[in-house]
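Participant: Just a sequence and a predicted model for now, questions to come.
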Amino acid sequence: MSEASMQATRQETTPRTGDPMLACIDLTRTYREGPQDLTVLDGLSLEVRAGERVAIVGSSGSGKTTLLNLLGGLDRPSRGEVRIAGESLLNLGEAALGRFRNRHIGFVYQFHHLLAEFTALENAALPLIVRGLRKAAAEARARELLGKVGMAARADHKPGELSGGERQRVAIARALVTDPSLVLMDEPTGNLDQHTAANILALMDELARTTACAFVIVTHDPAVATHQDRVLRLDEGRLAAD
């Protein structure tokens, strides 16, 4: 696949700014704990529009990471539905879901999950290589994103040679390298200094404005939360304006 083909495909499938990008309806997740069922999310509904940035806050154990996993198709709901760019995740088998995630969703985990044997550049380029983009084109795009997160000079270093904050910046570049429709972030600035965190927030602003990418960000940082378009609190399995 060429870079031009990748961009054309995204332009055909991505809603315009202001159109619904993410919708979940009656989302419920229940786990079995011994003889009892534990309901973490209870009939939760959410809509995020293209180009919108939404922060999710809540106490530890309130289900924020569970929600991100459901929104990203890493877990299946006990009840309810998640739709991204108009596509219901319920309709996708595992292989199709993997392809959909690669095309539409970027993840930034609380812990970076970089591959230790790969350089920063190779880690950031990997989603594009998995998609079928030529290595040279994938690495050129990855190098561009590493530059935007301040990691151009460390592109050839492996994760073990990077600080925690540097590894997190590589993970952010990896999440953004595919020009996703939706980016899900779990404490994305937790390991970053104030200056770098501000640069990352500015990059998110730019992408939301220029590509119509939507962001859902789980954070405990009030400065990060209030920087977004909306702040929602997860409490007792449901979302409400904070």
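Facilitator: Cool, the structure landed.
Participant: Okay, strands next: where are they in the protein?
Facilitator: Remark: strands assigned in the chain by DSSP state E are 20-33, 36-49, 53-57, 79-84, 87-88, 105-108, 182-186, 214-218, 230-235, 238-241.
Participant: Output those in CSV; the columns should cover distance to residue 145, mean neighbour count and mean pLDDT.
Facilitator: No exception for glycine: its C-beta is placed from N, CA and C like everyone else's. As requested, the strands of the chain are exported to CSV (distance: least, CB to CB, whole Å; neighbours: other CB atoms under 10 Å; pLDDT from 0 to 100):
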stretch, distance to residue 145, mean neighbour count, mean pLDDT
strand 20-33, 21, 17, 90
strand 36-49, 22, 16, 91
strand 53-57, 18, 22, 94
strand 79-84, 21, 18, 93
strand 87-88, 25, 14, 91
strand 105-108, 11, 24, 90
strand 182-186, 12, 23, 92
strand 214-218, 15, 26, 94
strand 230-235, 26, 18, 94
strand 238-241, 30, 13, 88
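Participant: With respect to residue 139, which of the ones you listed lies nearest?
Facilitator: Evaluated with CB to CB, these place strand 105-108 nearest to residue 139, the distance being 17.7 Å.
Participant: how distant is that closest one from the center of its chain?
Facilitator: 3 Å (CA atoms, centre = their mean, to the nearest Å).
Participant: and what of stretch 123-141?
Facilitator: 18 Å.
Participant: neighbouring contacts of stretch 218-227?
Facilitator: 53, 55-57, 64-65, 67-68, 185-190, 197, 201, 217, 231, 242 (CB atoms under 8 Å, 6 or more residues apart in numbering).
Participant: ditto for stretch 47-56
Facilitator: 14-23, 46, 64, 67, 181-182, 204-205, 208-209, 212-219, 224-234, 239.
Participant: can you tell me the distance between the two ends of it?
Facilitator: End-to-end span of stretch 47-56 (CA to CA, to the nearest Å): 13 Å.
Participant: What is the burial count for residue 51?
Facilitator: Close neighbours of residue 51, defined as other CB atoms under 10 Å, add up to 21.
Participant: one step back: turn the strands of the chain into TSV, including distance to residue 155.
Facilitator: Formatted as TSV, these follow (distance: least, CB to CB, whole Å):
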stretch	distance to residue 155
strand 20-33	31
strand 36-49	32
strand 53-57	27
strand 79-84	30
strand 87-88	34
strand 105-108	18
strand 182-186	21
strand 214-218	25
strand 230-235	35
strand 238-241	38
